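>>> here are the coordinates; sequence isn't available:
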């Protein structure tokens, strides 16, 4: 049975009904945590050894909480005794995402696999944040940015892949839409351009994500029965 988040009342991972070895087992978050984040704990089964216990969180926006709130979040993660933490993006913003990633992997005391979300580029640039995160992951043990990694073997049956992805504007009528996202003001590559130029950039970002996931998925399926895909933007047409 899915376990509802006590804040958002959202169900666990959609894969749970298709992969019997990937089931939510627990969900606990501080009652005062921001209402837009999502956390579930799962067990990934194994035929050869002990199952792996992992936690998936997303949209944690650590830049919006004080020290007590951040420490309570980390304690809530540790209390569930995971072996791995998956973070689905929107960790912080461009100026402090490096700080919070360093803090997170130390605070939760387990390996962290993550992707970046759109908010992680706010008040900065996509290229700049990616360069910073790339350098960070090269020197910090236990911190893995999935957008630049191939498949990660969680168990002999299950692999992990990931990319932050992007809403690429291909579904709907982007050029006639009156919606003006903060992305188009606060992310350097998307700001200060006419709509057609912005749409072309969104296409490039979407194509980049799709190519990475395609390559990673094909590689993962050569040696694993199940593949978990960690994203920020859901990789479905309706989300774009």
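Ah, there it is. Here the structure is a predicted model, which is why all the values come from computation and not from measurement. Residues are numbered from 1 along each chain as shown.

>>> spatially speaking, which residue is in the middle of this protein?
For the chain, residue 88 is the residue whose C-alpha lies nearest the centre (CA atoms, centre = their mean; 1.5 Å).

>>> residues touching residue 97, list them.
Residue 97 makes contacts with 91, 116, 120, 129, 132, 133, as judged by CB atoms under 8 Å, 6 or more residues apart in numbering. C-betas here are computed from N, CA, C, even on glycine.

>>> Out of those residues, which comes closest to residue 157?
residue 116 (27.7 Å; CB to CB).

>>> C-terminal to the lengthiest helix in the chain, what's the next element?
Using DSSP state H to define each element, the chain has its longest helix at helix 195-220. Sequence-wise, the next helix or strand downstream of helix 195-220 (DSSP states H and E) is strand 226-231.

>>> So which residues make contact with that next one?
15, 19, 21-22, 44, 56, 86, 88-89, 113-115, 146, 151, 154, 157-165, 209, 213, 217, 220-221, 235.

>>> pLDDT averaged over it - what is it?
The pLDDT scores in strand 226-231 average 96.

>>> Pretty sure residue 123 sits against residue 95.
Yes: assessed by CB atoms under 8 Å, residue 123 is found in contact with residue 95 at 6.0 Å.

>>> Residue 92: what's it in contact with?
If a contact means CB under 8 Å, 6+ apart, then residue 92 has 61, 62, 63, 99, 100, 119, 120 as its contacts.

>>> Of the contacts of strand 226-231, select the buried ones using a ChimeraX command.
Applying 16 or more other CB atoms under 10 Å to these leaves a buried subset, and the ChimeraX line that selects it is:
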select :19,21,22,44,56,86,88,89,113,114,115,146,151,154,157,158,159,160,161,162,163,164,165,209,213,220
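
>>> quick revisit: which of the contacts of residue 97 sits closest to residue 106?
Lowest distance from residue 106 to these (CB to CB) belongs to residue 91, with 14.2 Å.

>>> any idea how far residue 108 is from that closest one?
To residue 108, residue 91 is 13 Å away according to CB to CB, to the nearest Å.

>>> now residue 226
Separation of residue 226 from residue 108 (CB to CB): 24 Å.

>>> what about the helices in the protein?
67-79, 97-108, 126-139, 183-186, 195-220.

>>> Okay, buried residues for the longest helix of the chain please.
Of all the residues in helix 195-220, those buried under the rule 16+ other CB under 10 Å are 198, 199, 201, 202, 205, 206, 208, 209, 212, 213, 216, 220.
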